[in-house]
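Enquirer: based on what follows, work out the 3D shape:
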Amino acid sequence: MIWEHVKPIVDELVDDHSTTEWQQVFMKWDAQTWHDGDAPTEQTNVLMIDANAVTTKGTPDLDALHELLKDHVQASISDLYLVSLFPYAKETSDTRVNPRIRLLEDLGRFHQEFGLMYDAEPDVYNETQFDLLKETNLFIERLTQGATALRVHVQSFRGMPEERIRLVLTLWHRVLHHYKPNGQLILAYEGDTRHVPAYFDVADAICHFDLASHVLLAFAQGDATRLRDWAHYEAPPEGKTYYNFLSSPERDPFEKNLINPPPEQILAAHSILLSLRGIPALDYRTLLGVTTPVERDALIQDVKTDPHRLNVFSGILSQLNVKRTHAALSPYARERIVSVDDRVFAVERTDGEATLTLYTNVSNETVTLPVQGTNVFTEEPVETVELAPYGFIWMH
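Expert: All right, here's what the predicted structure looks like:
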């Protein structure tokens, strides 16, 4: 039973619930049958998607969403970060089925093909409202609903002292790894970035919120210097990593912040996203070219017939498919930022004897680089790299 391992933390947190109440919660969950997922690898690619994104006759349809993802992205995407999922409202005509039970049944269809990631945000407005036992119970409930990763935002612990937040995260991190040893606690932290490394002892991955703004600046200036300087961040401890994204639930799609971006520019941005050490997460709004819920059949037809959307969709999936085959692009592979040209962002990734170097031109100029290797997309030898505007190449 996990209780003996978490009791010292609960005692230090000092909440209003008795030891018996705490033990009853863990006895309930210890009696469940638990299924662990796989640890993150180079094959781990996350798609952030609104659970209400796909509709049938104007109504959100999880069946249609599941069918769409299974048929069109499963070969490239390993995990789904499902947002806008909780609370799961009970239909007015449904008087018998507990909505959380129905939610578990509805999500069951997804975790045959995908790992699942949910938010685990305390639903409170101040510290006095925070019920540690209730929130811990909800945290574990997310795991029973198929989650292999849970994202917790530090700023959601409103008004709580930092040391107490760290204790809560310590408790949840220990609980998660008891039930799912390969599970991931993803920490969103938007405070002083100098404090980020200190949170690695209570999380498995930490969100890189600054990546998007630095990539945007690089394209706006046609200069990768500041992005390159930023990317010399502190390496995470062994077995830890970052969680990288260009868009997040809290922010607009990445391309909305660019001025009429051509597909080449969007693909170049994603080549940077996928080149950096960490677990990469993509925004379904970018991948599918949508901003609001849409009918499944119309969505598929529009992606196939709109050249811009098709280029982005097929281009991103192509990058993901190549990434999945190279251990040097594991979330834990070593990373070295390379300086070759101010217009080019370059990073070398190494895992064991496998090394890849990735070059992305952030400018609207053609750039020639005196480097040699093999293009991993075509497996053709390259004597000199010539990058078209917003061009990129991955080489070994």
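
Enquirer: contacts and neighbour counts: CA atoms only from here.
Expert: Will do.

Enquirer: which stretches of the stretch 251-396 of the chain have low pLDDT?
Expert: Along the stretch 251-396 of the chain, no part satisfies pLDDT under 70.

Enquirer: now the helices for it?
Expert: 263-275, 284-288, 296-305, 307-323 (DSSP state H, counting those that start in this stretch).

Enquirer: with the stretch 101-250 of the chain instead?
Expert: Using DSSP H, counting those that start in this stretch, the helices of the stretch 101-250 of the chain run over residues 132-144, 162-179, 210-221, 225-230.

Enquirer: residues touching the closest residue to Leu288 other than its chain neighbours, list them.
Expert: Closest residue to Leu288 apart from its sequence neighbours, by C-alpha to C-alpha, 6 or more residues apart in numbering: Phe313 at 6.3 Å. Counting by C-alpha atoms under 8 Å, 6 or more residues apart in numbering, Phe313 makes contact with Leu287, Leu288, Val303.

Enquirer: most tightly surrounded among the helices of the stretch 251-396 of the chain?
Expert: Stretch with highest mean neighbour count among those: helix 263-275 (a mean of 22; mean count of other C-alpha atoms under 10 Å).

Enquirer: that one vs helix 307-323, what angle?
Expert: Computed by axes from the mean of the first three to the mean of the last three C-alpha atoms, to 10 degrees, the angle separating helix 263-275 from helix 307-323 equals 20 degrees.

Enquirer: and helix 263-275, what does it pack against?
Expert: The contact analysis (3 or more C-alpha pairs under 8 Å, 6 or more residues apart in numbering; DSSP states H and E) places helix 263-275 against helix 307-323, strand 344-351, strand 354-361.

Enquirer: for Val10, the count of nearby residues, please.
Expert: Applying other C-alpha atoms under 10 Å, we find 19 residues neighbouring Val10.

Enquirer: is it in a helix, a strand, or coil?
Expert: On the three-state scheme (DSSP: H, G, I helix; E, B strand; the rest coil), Val10 is labelled helix.

Enquirer: how many neighbours does the closest residue to it other than its chain neighbours have?
Expert: Among residues not flanking Val10 along the chain, Leu171 sits closest, at 7.6 Å (C-alpha to C-alpha, 6+ apart). Close neighbours of Leu171, defined as other C-alpha under 10 Å, add up to 20.

Enquirer: so Leu171 touches Val6, yeah?
Expert: Yes. Assessed by C-alpha atoms under 8 Å, Leu171 is found in contact with Val6 at 6.5 Å.

Enquirer: hang on, the earlier thing: now the helices of the stretch 101-250 of the chain in JSON lines, with mean pLDDT?
Expert: Formatted as JSON lines, these follow (pLDDT from 0 to 100):
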{"stretch": "helix 132-144", "mean pLDDT": "93"}
{"stretch": "helix 162-179", "mean pLDDT": "95"}
{"stretch": "helix 210-221", "mean pLDDT": "96"}
{"stretch": "helix 225-230", "mean pLDDT": "97"}
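
Enquirer: so which of those helices is nearest His153?
Expert: Nearest of these to His153, taken as C-alpha to C-alpha: helix 162-179 at 10.3 Å.

Enquirer: for the nearest residue to Ser339 once chain neighbours are set aside, give its distance to Val385.
Expert: Counting by C-alpha to C-alpha, 6+ apart, Ala346 is the residue found nearest to Ser339 once chain neighbours are left out, at 6.7 Å. As defined by C-alpha to C-alpha, to the nearest Å, Ala346 lies at a distance of 13 Å from Val385.

Enquirer: out of those two, which sits in the busier spot?
Expert: Higher neighbour count among Ala346 and Val385: Ala346, with 25 against 18, using other C-alpha under 10 Å.

Enquirer: select, out of the helices and strands packed on helix 263-275, the one closest to Ala298.
Expert: Closest to Ala298 of those is helix 307-323 (C-alpha to C-alpha; 13.2 Å).

Enquirer: quick one, what contacts the closest residue to Thr241 other than its chain neighbours?
Expert: Distances taken as C-alpha to C-alpha, 6+ apart place Ala205 nearest to Thr241, at 4.8 Å, with adjacent residues excluded. Residues near Ala205 by C-alpha under 8 Å, 6+ apart: Gln184, Leu185, Ile186, Leu187, Lys240, Thr241, Tyr242, Tyr243, Gly278.

Enquirer: need the pLDDT of the fourth one.
Expert: When you say that, I think you mean Leu187. For Leu187, the pLDDT comes out at 96.

Enquirer: any idea what it is bridged to?
Expert: Beta-bridge pairing for Leu187 (DSSP bridges): Val152, Ile206.

Enquirer: with adjacent residues omitted, what lies nearest to Ala333?
Expert: Asp351 (4.9 Å).

Enquirer: can you tell me how far the one you found is from Ala224?
Expert: Asp351 is 25 Å from Ala224, where distance means C-alpha to C-alpha.

Enquirer: between the two, who's got more neighbours?
Expert: Ala224 (26 against 16).

Enquirer: isn't that one up against Val347?
Expert: No. If you go by C-alpha under 8 Å, Ala224 and Val347 don't touch, sitting 11.8 Å apart.

Enquirer: contact partners for the residue lying closest to Gly315 once chain neighbours are set aside?
Expert: Of all residues not flanking Gly315 in the chain, Leu267 sits nearest, at 6.6 Å (C-alpha to C-alpha, 6+ apart). When contacts are counted by C-alpha under 8 Å, 6+ apart, Leu267 touches Val312, Gly315, Ile316.

Enquirer: number of residues surrounding the closest residue to Pro261 other than its chain neighbours?
Expert: Of all residues not flanking Pro261 in the chain, Glu255 sits nearest, at 6.7 Å (C-alpha to C-alpha, 6+ apart). Glu255: 20 surrounding residues under other C-alpha under 10 Å.

Enquirer: cool, Thr128 as well?
Expert: By other C-alpha under 10 Å, the residues close to Thr128 number 10.
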